[in-house]
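1. Sequence isn't available, so here's the structure alone:
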């Protein structure tokens, strides 16, 4: 068993009437297999990142492309979860029996991703 420590920090002095400073950190137990890769995502068909049979897992997905194209993050059944512009990312705790796929909205785009299986 391994440990993954995600930290999210949100700060702003002008997004709201008062300054915000929010930090959340957790310690997540993960197990093999873990996978990470940089892939080219097409607009003609979805690219599967994690199969329905993966079990419960954490998914990190970031649009690192340079073409100013958005990438949709969806369940394997096609339900939209997020749309990532270049530079945007998401970290999702995914329950059992839910696959994740990505698809560019036009042309192709580059995505970094990592899948960490919950232990």
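-> On my side now, so go ahead. Since the structure is predicted, the reported quantities are computational estimates derived from the model, not experimental observations.
2. show me the contacts for residue 95.
-> Residue 95 is in contact with residue 56, counting by Cβ atoms under 8 Å, 6 or more residues apart in numbering. (Glycine included, C-beta is placed from N, CA and C.)
3. distance of it from residue 58?
-> 11 Å (Cβ to Cβ, to the nearest Å).
4. Partner strands of the host helix or strand of residue 30, with direction?
-> Here residue 30 sits within strand 28-41, counting by DSSP states H and E. Applying DSSP bridges to the sheet, strand 28-41 is found paired with strand 2-4 (antiparallel), strand 109-118 (antiparallel).
5. Quick check: what element follows the shortest one along the chain?
-> Towards the C-terminus, the helix or strand next in line after strand 2-4, according to DSSP H and E, is strand 7-12.
6. Let me see the residues that make contact with the very next helix or strand once past that next one.
-> Sequence-wise, the next helix or strand downstream of strand 7-12 (DSSP H and E) is strand 20-25. Identification of contacts with strand 20-25 by Cβ under 8 Å, 6+ apart yields 5-12.
7. Now tabulate those residues in JSON lines and tack on pLDDT and distance to residue 107.
-> Shown next, in JSON lines, are these (pLDDT from 0 to 100; distance: Cβ to Cβ, whole Å):
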{"residue": "5", "pLDDT": "97", "distance to residue 107": "35"}
{"residue": "6", "pLDDT": "97", "distance to residue 107": "31"}
{"residue": "7", "pLDDT": "97", "distance to residue 107": "33"}
{"residue": "8", "pLDDT": "97", "distance to residue 107": "30"}
{"residue": "9", "pLDDT": "97", "distance to residue 107": "32"}
{"residue": "10", "pLDDT": "97", "distance to residue 107": "31"}
{"residue": "11", "pLDDT": "97", "distance to residue 107": "34"}
{"residue": "12", "pLDDT": "97", "distance to residue 107": "32"}
